[in-house]
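Undergrad: 3D, please:
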Amino acid sequence: MPRRRKKKTARVTYPSAEPLPPRLAPLYAGHLQVFSDASQKRQGGLAAVLFATPGSEAVVKSRTVPITGSNELELQAALFALEQARLLFPELPLALFSDNQDAVIRLNRGKTEGLAQDPELQEMFRQMKLGDALVNALICWIKGHGSCRGNILADQHASEAAR
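TA: Modelled structure (predicted):
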């Protein structure tokens, strides 16, 4: 007799009231909180969601781009978010959150070892005129599809930009 498969249950997540869950919020107090995400559908979509303060309204920027590899698109989304943070809030120290570990590792390596060790990333920074955007930035990985309101908003807007 064949075994019966369990029914898949829909997982319900409840977004945090603030951009970050309460356990993480104190760690990034005083920083511009920037969330980046990318999506692939018929086109690629990038989104940056910026919170000047935890209680402030989100500033959302998105862009449609040609589809590339998933990790490359996520890196582009993180650079797009850095660019938007520099343009909109140049005076604030920032914390950039991405749900893609490869992009976070690559940016953190560029920050600690210098961009010269990654010529492709260095060229991306030069083209976007980001200069020393990594110097005072905190680059953090955040679990995707979790309860983080900032990440949920970035997912939604990246998806909309990719249509």
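Undergrad: which intervals of this protein have sub-threshold pLDDT?
TA: The chain contains residues with pLDDT under 70 at 1, 11-13, 145.
Undergrad: What segments of it are strands?
TA: Taking DSSP state E to define them, one finds strands in the chain at 32-40, 44-51, 59-65, 94-98, 138-141.
Undergrad: do you know which of those strands lies nearest residue 117?
TA: Evaluated with Cβ to Cβ, those place strand 138-141 nearest to residue 117, the distance being 15.8 Å. Where you see a C-beta, it was placed from the backbone N, CA and C, and this is true even at glycine.
Undergrad: how far does that closest one sit from the chain's center?
TA: Its chain's C-alpha centre lies 9 Å from the corresponding centre of strand 138-141 when counted by Cα atoms, centre = their mean, to the nearest Å.
Undergrad: related to what we said a few turns ago, quick one: closest of the strands of the chain to residue 106.
TA: Counting by Cβ to Cβ, and looking across all of the strands of the chain, nearest comes strand 138-141 at 9.3 Å.
Undergrad: hang on, the earlier thing: any chance of TSV for the strands of the chain, columns mean neighbour count and distance to residue 88?
TA: Converted to TSV, the strands of the chain look like this (neighbours: other Cβ atoms under 10 Å; distance: least, Cβ to Cβ, whole Å):
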stretch	mean neighbour count	distance to residue 88
strand 32-40	27	9
strand 44-51	26	6
strand 59-65	17	6
strand 94-98	25	10
strand 138-141	18	18
